[in-house]
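A.B. asks: quick one: sequence and predicted model below, then my questions.
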Amino acid sequence: MDIYQHFRKEEHPFIDNVLSWIDQVEKTFQHKVTDFLDPREQQIVAMLIGTSHEELKLYQNGGSEFAERKRAIIAPLYEEVTDESYQLTLMQASYHEKFVTITHGDVMGAFLSLGIKRKKLGDILVENGTIQIVLADEIAAYVFANLTAIKKATIKLSEEPLSSIIKKKAEWIESDQTVSSLRLDAVLKAIYNISRKDASEYIAKRYVKVNFRVVDDGKFLLTEGDMLSLRGKGRSKLISINGITKKDRHRITTAILK
């Protein structure tokens, strides 16, 4: 059976990576710890291992039960996996909200300017003058030594136990809609209650992501489970496709992040 036929073309390189990890674990009988994966990548790993690898077990952890980005461990069935196996570090810093406004993007920018890749970072939380970042153990010492400022705020990082992570459950507001097609521009129009013209412009400006990757083609066809985001207007997802109306419109259920 051709595994690739179940996935979009742009996902094939990641699938190749996952298959090589699986092969490595099966040959060496030693577990593999991945970098941080976004929810779609986590889903792909689970699908590939779940189909035909009964001798392997998959574990995923991002620091808390509500974590979005997680490291995965692919391990032989008999191997014990502990919290330490994920090699996660929680860094925390405080700043004065009265004097500076810091956003998620500011924190991300500070990391990227240090040459750190996104895949080494888990969730970033910025709330009430506190910054928390989950990151891979292997970059912790470098970050601790070099990340001393975000935006114009001087910060002092401290390592904290994962048990002190601020837990924030995502709240989704669901709704049922009908759309003329499952094209990205049509679904975006319905979810965010904008005009088709605005939807097309946002897509052309590369403001739209599907499954955490920029998509700049309005004709891109969506499928169940796709995660969307529109810069400045938040995240959403296409939960289900529920059939066709008498006027040949698609019934869909979507949700937008509160």
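C.D. replies: All right, it came through fine.

A.B. asks: isn't residue 211 up against residue 222?
C.D. replies: No - applying Cβ atoms under 8 Å, one finds residue 211 not in contact with residue 222, separated by 9.8 Å. In short, each C-beta sits where N, CA and C put it, glycine included.

A.B. asks: which parts of the stretch 151-258 of the chain are helices?
C.D. replies: For the stretch 151-258 of the chain, applying DSSP state H, counting those that start in this stretch gives helices covering 184-192, 196-204.

A.B. asks: export the ones you listed as CSV, with columns for mean neighbour count and mean pLDDT.
C.D. replies: As requested, those are exported to CSV (neighbours: other Cβ atoms under 10 Å; pLDDT from 0 to 100):
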stretch, mean neighbour count, mean pLDDT
helix 184-192, 22, 97
helix 196-204, 17, 97
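
A.B. asks: in JSON lines, list the ones you listed along with distance to residue 244.
C.D. replies: Output for those, formatted as JSON lines (distance: least, Cβ to Cβ, whole Å):
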{"stretch": "helix 184-192", "distance to residue 244": "14"}
{"stretch": "helix 196-204", "distance to residue 244": "20"}
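
A.B. asks: burial count for residue 137?
C.D. replies: Neighbours of residue 137 under the rule other Cβ atoms under 10 Å: 14.

A.B. asks: nearest residue to it other than its sequence neighbours?
C.D. replies: Among residues not flanking residue 137 along the chain, residue 87 sits closest, at 3.9 Å (Cβ to Cβ, 6 or more residues apart in numbering).

A.B. asks: show me what contacts the one you found?
C.D. replies: Residue 87 is in contact with 33, 71, 136-138, counting by Cβ atoms under 8 Å, 6 or more residues apart in numbering.

A.B. asks: with distance to residue 167 and pLDDT added, can I get these in JSON lines?
C.D. replies: As requested, the contacts of residue 87 are exported to JSON lines (distance: Cβ to Cβ, whole Å; pLDDT from 0 to 100):
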{"residue": "33", "distance to residue 167": "23", "pLDDT": "98"}
{"residue": "71", "distance to residue 167": "18", "pLDDT": "98"}
{"residue": "136", "distance to residue 167": "21", "pLDDT": "98"}
{"residue": "137", "distance to residue 167": "21", "pLDDT": "97"}
{"residue": "138", "distance to residue 167": "25", "pLDDT": "97"}
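
A.B. asks: farthest-separated two in the residues you listed?
C.D. replies: Farthest pair in these (Cβ to Cβ) is 71 and 138. Separation: 11.2 Å.

A.B. asks: who's more crowded, the two?
C.D. replies: A count of neighbours by other Cβ under 10 Å puts residue 71 above the other of residue 71 and residue 138, at 26 against 12.

A.B. asks: any idea which element the more buried one lies in?
C.D. replies: Residue 71 is part of strand 70-76, with elements assigned from DSSP states H and E.

A.B. asks: after that strand, which helix or strand is next? Please name it.
C.D. replies: Toward the C-terminus from strand 70-76 - assigned by DSSP H and E - lies strand 88-94.

A.B. asks: that following strand pairs with which strands, and in what direction?
C.D. replies: Its sheet considered, strand 88-94 pairs with strand 130-136 (antiparallel), strand 158-160 (antiparallel) by DSSP bridges.
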